[in-house]
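In: Let me see the structure of the following:
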Amino acid sequence: LRVQASSFEACASENEGGCVFSLGTTTRLEGCSFAHARSEAGGGAVSALGTLLVTHTTFHGCSSAGPGGAVFARGICDGFVAQPAAVTWTASSCVNCSTQADGGAVAVQGGRSVFANATFRSNHAAGRGGAIAGMAEASVDVASSLFEHNAAAATGGALSVDGGSLVLAKTTLRGNEGALGGGGVYAKDAEASLEEVTAASNAAGQGGGGVVLWDGDVPPHLGGLACVGCHDDAASAQPGCNTAMYGPCMASTHKALEVRCPEQITAGDAFEATVIERDFYNSTIISDSSSVLEVKSHRPGPAGGKVDPTVRVSGPTFQQLERGVATFRIAVHPSFSAWDSALALASPDTEPWVMFTSADGAMASEPVELSLLKDSAVCPAGAVLELRANQHGFEGTC
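Out: Okay, the predicted model is just below:
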């Protein structure tokens, strides 16, 4: 199917493709314009199952209730032969297009898509990918393109890729917003690479990654990212700043717990332990004020990973994060078995260890060794060590 130098306006379909629907063929759009087309399924203007070639074509004001406000491309299985989606997009643009799903301008399901000298401006997705959404392990390559003022109500203000890969080269991301994270790009379980990318005034409203938020095991490759990040209160003083609740340039959904404890404690004496939720780039995840953390004693070594029955932790052992930080006020009561009442000497069996985990098991700190006062200074001046017999020997409290 070849369509050349044609204009389509206010087309509508109750199914896919408001103007054009192609099945199992190569579709060429050359020098065309699509305006205010609408689909109740996918692809406000065009739905292509197979290969789609778009050259010098414009889409304006198109919308869809399904994926792809302007274009929805996906593969097809013809009998026993699978034909993956293949999109080549050259010197074409999408402006003011929208979807109630993913991909405000374009949604691609599987296969490989290449975008060059493209412009995506003021597109919106109620889901992911304000301009482009790569779904079902799609591979998306973008070069020498502009993404400006696109927005997603979820993640990936300009682009979102779920599985597959993303290569972004010699491209500008400006003024895009991902409400829940990834003002410019959201990459989930995808191999992502950014080469010579310029990012300005992008924002992640309620999450991390003013420019890029990634979710997976491998961080994106950065071959060149020009990004100035700042906090919201400084954005007005620095034009072009990228902003987010955490990680104004780069952020991850990877979470780790950093623990800060006193250098030395005394048995049974309360102390403060501060736990900070960090992402891969060591940013505090201040968007989290709901996770609940728990502290328990910990047994290191070959038998590690279990609660140490010889050490009791007292005090509030559950705390809720507030802007990514929780403060515990606790005491540890180790067991003492070697002591000499005549010399007033006592020594704990082992150094106590503790570990902090989230109540849902999604996060855990590294085991933390607590250093106790020992020998003749088990307790501070003016205090004595009280030993109570238990099944492991004696529990000590100053």
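
In: Cross-check the contact I'm expecting between residue 263 and residue 372.
Out: No. Residue 263 is beyond contact range of residue 372, at 11.1 Å (criterion: C-beta atoms under 8 Å). The way it works is simple: take the backbone N, C-alpha and C, and place the C-beta from them, glycine included.

In: buried residues in stretch 45-57?
Out: With burial defined by 16 or more other C-beta atoms under 10 Å, the residues of stretch 45-57 counted as buried are 45, 46, 47, 48, 49, 50, 51, 52, 53, 54, 56, 57.

In: For my notes, please list the residues you listed in TSV and give secondary structure, distance to residue 140 and pLDDT for each entry.
Out: Shown next, in TSV, are the buried residues of stretch 45-57 (DSSP: H, G, I helix; E, B strand; the rest coil; distance: C-beta to C-beta, whole Å; pLDDT from 0 to 100):
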residue	secondary structure	distance to residue 140	pLDDT
45	coil	20	98
46	strand	17	98
47	strand	18	97
48	strand	16	96
49	strand	18	94
50	strand	18	91
51	strand	16	94
52	strand	14	97
53	strand	16	98
54	strand	14	98
56	coil	21	98
57	coil	19	98
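
In: Would you mind putting the residues you listed into a markdown table with distance to residue 115 alongside?
Out: Compiled in a markdown table, the buried residues of stretch 45-57 are given as follows (distance: C-beta to C-beta, whole Å):
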| residue | distance to residue 115 |
| --- | --- |
| 45 | 16 |
| 46 | 15 |
| 47 | 18 |
| 48 | 15 |
| 49 | 19 |
| 50 | 18 |
| 51 | 15 |
| 52 | 12 |
| 53 | 12 |
| 54 | 9 |
| 56 | 14 |
| 57 | 12 |
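
In: and residue 263 and residue 372? which has more neighbours close in?
Out: residue 372 (21 against 6; other C-beta atoms under 10 Å).

In: residue contacts, the nearest residue to residue 200 once chain neighbours are set aside?
Out: Excluding its sequence neighbours, the residue lying closest to residue 200 (C-beta to C-beta, 6 or more residues apart in numbering) is residue 240, at 4.1 Å. The contact partners of residue 240, by C-beta atoms under 8 Å, 6 or more residues apart in numbering, come to 200, 201, 228.

In: Just to be sure, which of those residues are found in strands?
Out: Among the contacts of residue 240, the residues falling in strands (DSSP state E) are residue 200.

In: The contacts of residue 240 into CSV, with extra columns for pLDDT and neighbour count?
Out: As requested, the contacts of residue 240 are exported to CSV (pLDDT from 0 to 100; neighbours: other C-beta atoms under 10 Å):
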residue, pLDDT, neighbour count
200, 96, 19
201, 95, 20
228, 91, 16
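
In: Any chance of CSV for the contacts of residue 240, columns distance to residue 181?
Out: Below are these laid out as CSV (distance: C-beta to C-beta, whole Å):
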residue, distance to residue 181
200, 18
201, 17
228, 19
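
In: between the contacts of residue 240, which is nearest residue 300?
Out: Residue 300 lies nearest to residue 228 out of the contacts of residue 240, by C-beta to C-beta, at 43.3 Å.

In: my guess is the closest one contacts residue 243, does it?
Out: No. Using C-beta under 8 Å, residue 228 is not in contact with residue 243; the gap is 10.1 Å.

In: quick check, the residue nearest to residue 200 in a helix?
Out: No. The assignment for residue 240 (DSSP: H, G, I helix; E, B strand; the rest coil) gives coil, which keeps it out of a helix.

In: Per-residue pLDDT of it, please?
Out: Turning to residue 240, the model gives it a pLDDT of 90.

In: and it, how far is that from residue 50?
Out: For residue 240, the distance to residue 50 equals 41 Å [C-beta to C-beta, to the nearest Å].

In: any idea which element residue 29 lies in?
Out: Here residue 29 sits within strand 20-30, counting by DSSP states H and E.

In: Report all helices and strands that the helix or strand just after that strand contacts.
Out: Remark: after strand 20-30, the chain's next helix or strand is strand 33-35, criterion DSSP H and E. Strand 33-35 is packed against strand 7-9, strand 58-60, with contacts defined by 3 or more C-beta pairs under 8 Å, 6 or more residues apart in numbering; DSSP states H and E.

In: on that earlier part again, looking at the contacts of residue 240, spot the one nearest residue 103.
Out: For the contacts of residue 240, the nearest to residue 103 is residue 201 (22.2 Å; C-beta to C-beta).

In: Help me confirm that the closest one comes into contact with residue 177.
Out: No. With contact defined as C-beta under 8 Å, residue 201 does not count as touching residue 177 (9.3 Å).

In: buried stuff in stretch 284-297?
Out: Buried, per 16+ other C-beta under 10 Å, within stretch 284-297: 284, 285, 286, 287, 288, 291, 293, 295, 297.

In: Doesn't the third one lie inside a strand?
Out: Pointing back at residue 286 there. No. Residue 286 is assigned coil when assessed by three-state DSSP, not a strand.

In: quick one: it from residue 247, how far?
Out: Separation of residue 286 from residue 247 (C-beta to C-beta) stands at 10 Å.

In: what do you get for the fourth one?
Out: Taking C-beta to C-beta as the measure, residue 287 and residue 247 are separated by 10 Å.

In: shared neighbours of those two, anything?
Out: Counting by C-beta under 8 Å, 6+ apart, the residues touching both residue 287 and residue 247 are residue 208.

In: residues contacting residue 57?
Out: Taking C-beta under 8 Å, 6+ apart, one finds 29, 30, 31, 32, 33, 34, 92 in contact with residue 57.

In: and if you look at residue 324?
Out: Contacts for residue 324 (C-beta under 8 Å, 6+ apart) come out as 246, 276, 277, 284, 285, 286, 287, 288, 289.
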